[in-house]
Structure formats: structure tokens, C-alpha cells
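Colleague: after the sequence you'll find the predicted model.
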Amino acid sequence: MSLPFMALIKLYQWIISPLLGPKCRFTPTCSQYSLQAFKKYGVFKGLWLTIRRISRCHPWGGHGYDPVP
């Protein structure tokens, strides 16, 4: 069920991300984090963790190593 979300993330990684360049404040990147969350937890919790992670991606949100729990 999480396959469509993972496909969209892969498309983002292949098409859009190279155009934007490296700008992620976290390790792993938000897209890698999302893929790991979907693989580990499935659609609902994976989507929740992805939304939570992206919401922290702003100048005052933090940085550094932040693995999938």
C-alpha cells in the first residue's frame, strides 16, 4: 500500500532533487528518511513520520543526524 508514496519519493529524488542541489539540514535526507519510514512502518505511520520530519525542515527547526525511530 505504501508503494505509490515510495514511487513519488523516488521520482522526486531522480528528477527534482538534482535540480535543487544539496540543501537538506538532516542526515539522512528527508527523502531517504521517508523511504525508510515507509519501509519500516507502512503507510500510516510512515506518512505521519514524513510529515513530522518535513515540518521541522526550516531555519529554526534543527539539523544533524536524525534516523527513523
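Modeller: In hand now; what should we look at? Numbering: from 1, shown residues only.
Colleague: where exactly do the strands run in this structure?
Modeller: For the chain, strands defined by DSSP state E occupy the ranges 26-27, 64-65.
Colleague: nearest to residue 37, out of those strands?
Modeller: strand 26-27 (12.8 Å; C-beta to C-beta). Heads up, the C-betas are built off the backbone N, CA and C, glycines and all.
Colleague: contacts for the closest one next, please.
Modeller: Strand 26-27 is contacted by residues 33, 53, 57, 62, 63, 64, 65, 66 when judged by C-beta atoms under 8 Å, 6 or more residues apart in numbering.
Colleague: ok, now which ones touch the spatially most distant residue from the centre of the chain?
Modeller: For the chain, the largest distance from the centre (C-alpha atoms, centre = their mean) belongs to residue 60, which lies 18.1 Å off. By C-beta under 8 Å, 6+ apart, no residues touch residue 60.
Colleague: what's the separation between it and residue 25?
Modeller: Applying C-beta to C-beta, to the nearest Å, the value for residue 60 to residue 25 is 11 Å.
Colleague: who touches both of the two?
Modeller: By C-beta under 8 Å, 6+ apart, no residue touches both residue 60 and residue 25.
Colleague: quick revisit: would you turn the strands of the chain into a markdown table with mean neighbour count, mean pLDDT and distance to residue 40?
Modeller: Shown next, in a markdown table, are these (neighbours: other C-beta atoms under 10 Å; pLDDT from 0 to 100; distance: least, C-beta to C-beta, whole Å):
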| stretch | mean neighbour count | mean pLDDT | distance to residue 40 |
| --- | --- | --- | --- |
| strand 26-27 | 15 | 90 | 17 |
| strand 64-65 | 7 | 90 | 17 |
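Colleague: cool, thanks, talk later.
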